[in-house]
Each structure stands twice: as C-alpha cells, then as structure tokens.
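Asker: Structural data only, the sequence is not supplied:
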C-alpha cells in the first residue's frame with residue numbers, strides 16, 4: 001500500500017504552518033543559528049496531530065480506568081487457574097469482552113502516531129540539496145531550498161547523529177556540531193519518553209494482568225532503550241517532533257488524570273472478594289466537668305437519671321407510720 005497520502009498530508013501541514021509564521025513575521029534569518037519558522041512548523045505539527053487525536057487519548061484513559069476496576073476479578077481468576085496459563089488467558093479474554101475493556105487500548109494513541117512519525121522521517125530525509133529532486137509532495141523549489149538549509153543551533157534539521165561525511169558536506173554542516181545537537185536531543189527524547197510512561201503508571205498503578213504488565217514494561221523500559229540506538233538514525237527535525245510530542249503528552253496526561261482520577265483502590269492486604277469489616281459506630285466523647293461530674297460534649301444527650309423504685313420507699317406492713325412534722329422545731333411566737 002502506498003504511503004504517499006501520508007507524505008502529502010505531513011508536507012501540507014508543515015507548509016501551512018511555515019506560511020503562517022512567515023506571514024506573522026517570524027524572521028527567516030537564523031537567530032542563534034536557528035531558523036525558527038521551520039522549527040515552529042515542526043512543533044505545531046505536533047499540536048495539530050495531538051488536537052486531532054485528543055478524543056482517542058481520552059478513550060485511552062477511560063479504558064485504563066476500566067482495566068483497573070477489573071483488577072480484583074483478574075486476581076480471582078489468577079488464583080483459580082494458577083498453573084493453567086491457557087485457561088487463564090481464555091477466561092481473562094472472556095472477562096474483557098463481557099466488561100467491554102480493551103487491554104491494547106493503552107497503546108492505541110502511540111500506534112496512530114506512527115504513520116505521522118514515518119511520514120515526517122521520510123520528508124525530512126529527502127530534504128537533501130544533493131538528491132536532484134526539489135518538488136516533492138507539493139513543495140516549490142524555494143520552499144525545498146529554504147527547508148533544506150533550515151538549522152537548529154547551526155545543525156541542519158535533516159542532519160543525523162550518524163550522518164556521513166558526504167551528507168554533511170552536501171548540507172554544509174560541521175560533523176561535531178550535528179553530533180552535539182543531535183546527541184543532546186536524543187538524551188532529552190529518551191528521558192521524556194521514560195517520564196511519560198512513568199507518569200501514567202504512577203497514577204494508575206501497576207497492572208496485575210501479565211499481558212498488561214508486559215505492555216507497561218515495554219513502554220517504560222523497552223522503548224527508551226531502543227531509542228538509544230535508533231536515535232542515531234533520526235533526523236534532528238524528527239527528534240524535535242518526538243521531544244515536543246513527549247512534552248505535550250506530559251501536560252495532557254496531567255490534565256486528563258486530574259479530570260478523570262483513578263478509582264479508589266482496595267485496602268492493602270485485603271483479599272479479592274472478601275467483605276470489608278463493618279465499622280463501629282462512633283461513641284460520643286465525655287469530658288469531666290467541675291467536681292468530677294460528667295459533662296456531655298456539644299450535641300450529645302445528657303446522661304439519664306437512674307430510675308427510683310417507689311415500692312422500696314413505701315412503709316412495710318405493720319410498721320408505725322412516721323409523722324413528718326414530728327421532730328421539727330416549734331415556731332417562735334412574735
């Protein structure tokens with residue numbers, strides 16, 4: 001299948017943003033050895049793609065929340081089918097299908113960005129003054145020459161850490177400058193890639209499902225390690241795209257994770273499916289008042305007086321009645 005439509009789409013977005021920055025008045029002349037109009041075009045290519053994929057990103061977060069909510073049931077299945085991996089996988093797939101949860105949804109935004117990444121890689125790789133073709137995918141000759149000479153701190157955006165001496169000579173660039181700029185950008189790319197995965201795992205927690213845990217480990221460690229090697233073949237413009245995309249992801253994840261917080265986790269040490277212990281009703285606290293009398297706190301009812309048995313106070317049968325007036329002192333006559 002031809003990927004020309006991707007190359008045309010990437011070229012159109014780049015040329016659109018470059019025209020917009022040029023119209024605004026961003027200087028074409030290099031400032032700090034950088035052609036900012038083309039650098040900003042790559043940055044806003046990221047913004048354009050992320051705005052388009054934002055609904056997919058929200059679905060990714062919701063899918064991860066659904067996977068978290070299923071963790072107690074996953075643990076039960078793991079205990080039930082311990083040692084029977086085939087049955088366990090079958091039961092878990094049935095559980096995901098019944099609950100409409102997709103374990104692969106967490107990687108979908110990344111997979112959808114792969115065509116964009118490959119398209120930009122292809123376009124920037126062909127921005128070489130020595131290839132003899134300067135009208136690729138709707139570019140005019142002036143736009144091609146201008147983009148081919150665009151630099152970031154005197155390093156061409158189509159240059160690579162592993163560029164050969166002939167390629168650097170055609171680009172009119174210094175090999176040491178290209179290696180320093182590309183090397184720093186590769187380190188930033190690896191660090192930000194690790195941080196985006198770490199941020200998500202820290203907020204959502206480690207998965208109990210072996211398949212989910214494998215995906216988490218791949219995104220957390222596998223991809224950053226692979227970039228240490230593959231970063232040497234990426235053009236500087238592609239690395240700028242990747243770093244910008246990571247920074248955008250960090251901010252977007254922070255906002256979405258606050259808007260859709262993780263569900264409350266189960267109490268540590270509690271077994272899956274075990275009923276929680278009932279809470280005891282809080283007793284109102286009592287304080288001791290003056291002379292040792294108990295004093296109720298605000299809102300508490302005062303203690304009830306002890307009931308008096310009137311039958312115990314009545315005179316016994318045959319006993320002489322007591323005259324209450326007897327024994328009182330006589331009143332003195334005025």
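Answerer: Structure's in. What do you need? The structure presented is a predicted model; accordingly, all values stated were derived computationally and were not measured. Numbers count the residues shown, from 1 in each chain.
Asker: so what's residue 195 scoring on pLDDT?
Answerer: Note for residue 195: predicted pLDDT of 92.
Asker: for the chain, where's the lowest mean pLDDT among helices and strands?
Answerer: Across the helices and strands of the chain, mean pLDDT, DSSP states H and E gives its lowest value to strand 286-288, namely a mean of 47.
Asker: how about the nearest residue to residue 181, chain neighbours excluded?
Answerer: In space, and not counting its chain neighbours, residue 181 is closest to residue 155: 3.9 Å by CB to CB, 6 or more residues apart in numbering. Using the backbone N, CA and C atoms, a C-beta is placed for each residue, glycine as well.
Asker: Ramachandran coordinates for the one you found?
Answerer: Residue 155 adopts backbone torsions of phi -110, psi 120, taken as degrees, to the nearest 10.
Asker: Can you give me every residue that contacts it?
Answerer: If a contact means CB atoms under 8 Å, 6 or more residues apart in numbering, then residue 155 has 173, 177-178, 180-182, 236 as its contacts.
Asker: Which entry within those residues corresponds to the minimum pLDDT?
Answerer: For those, the weakest pLDDT value sits at residue 173, with 88.
Asker: Spatially nearest residue to that residue (excluding sequence neighbours)?
Answerer: Nearest non-adjacent residue to residue 173, counting by CB to CB, 6+ apart: residue 156, 5.1 Å away.
Asker: ok, that neighbour - how many residues close by?
Answerer: 30 (other CB atoms under 10 Å).
Asker: tell me the mean pLDDT over the helix ranked longest in the chain?
Answerer: Assignment by DSSP state H gives helix 36-69 as the longest helix of the chain. Helix 36-69 carries an average pLDDT of 86.
Asker: list the helices and strands that helix packs on?
Answerer: If you count contacts as 3 or more CB pairs under 8 Å, 6 or more residues apart in numbering; DSSP states H and E, helix 36-69 packs onto helix 4-24, helix 108-125, helix 175-204, helix 236-259.
Asker: contacting residues around the spatially closest residue to residue 246 that is not a sequence neighbour?
Answerer: Take residue 246 and drop its neighbours on the chain: the residue closest to it by CB to CB, 6+ apart is residue 192, 3.5 Å away. Applying CB under 8 Å, 6+ apart, we find residue 192 in contact with 243, 246-247, 250.
Asker: Please check these and keep the buried ones.
Answerer: Burial by neighbour count, judged by 16 or more other CB atoms under 10 Å, picks out 243, 246-247 from the contacts of residue 192.
Asker: Under the pLDDT cut-off, which ranges of the protein? List them.
Answerer: Across the chain, the ranges flagged by pLDDT under 70 are 1, 27-30, 106-107, 130-133, 203-205, 207-209, 260, 262-334.
Asker: about what we covered before: dump the contacts of residue 155 to a markdown table, plus neighbour count.
Answerer: Putting these into a markdown table (neighbours: other CB atoms under 10 Å) gives the following:
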| residue | neighbour count |
| --- | --- |
| 173 | 20 |
| 177 | 17 |
| 178 | 25 |
| 180 | 15 |
| 181 | 23 |
| 182 | 23 |
| 236 | 27 |
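Asker: quick check, nearest of the residues you listed to residue 6?
Answerer: Checking the contacts of residue 155 against residue 6 with CB to CB, the nearest one is residue 236 at 20.6 Å.
Asker: hang on, that closest one packs against residue 180?
Answerer: No - applying CB atoms under 8 Å as the test, residue 236 and residue 180 come out as separate, 11.1 Å apart.
Asker: need the contact list for the spatially most central residue of the chain.
Answerer: The residue lying closest to the centre of the chain (CA atoms, centre = their mean) is residue 200, at 3.5 Å. Contact partners of residue 200, counting by CB under 8 Å, 6+ apart, are 64, 253, 257.
Asker: Residue 37: how many residues sit nearby?
Answerer: With other CB under 10 Å as criterion, residue 37 counts 22.
Asker: Could you verify my assumption that it touches residue 20?
Answerer: No - in this structure, residue 37 is not within contact of residue 20 by CB under 8 Å, at 9.2 Å.
Asker: Against residue 44, how distant is the residue nearest to residue 40 when sequence neighbours are not counted?
Answerer: Nearest non-adjacent residue to residue 40, counting by CB to CB, 6+ apart: residue 21, 5.2 Å away. Remark: distance between residue 21 and residue 44 (CB to CB, to the nearest Å) = 8 Å.
Asker: Equivalent analysis for residue 8, please.
Answerer: Distance, residue 8 to residue 44, using CB to CB: 18 Å.
Asker: cool, and residue 82?
Answerer: Counting by CB to CB, the gap from residue 82 to residue 44 is 52 Å.
Asker: same question, residue 223
Answerer: Distance, residue 223 to residue 44, using CB to CB: 24 Å.
Asker: dump the residue contacts of residue 41.
Answerer: Residue 41 is in contact with 14-15, 17-18, 21, counting by CB under 8 Å, 6+ apart.
Asker: could you redo the last one with a cut-off of 7 Å?
Answerer: The neighbours of residue 41, taking CB atoms under 7 Å, 6 or more residues apart in numbering as the test, are 14, 17-18, 21.
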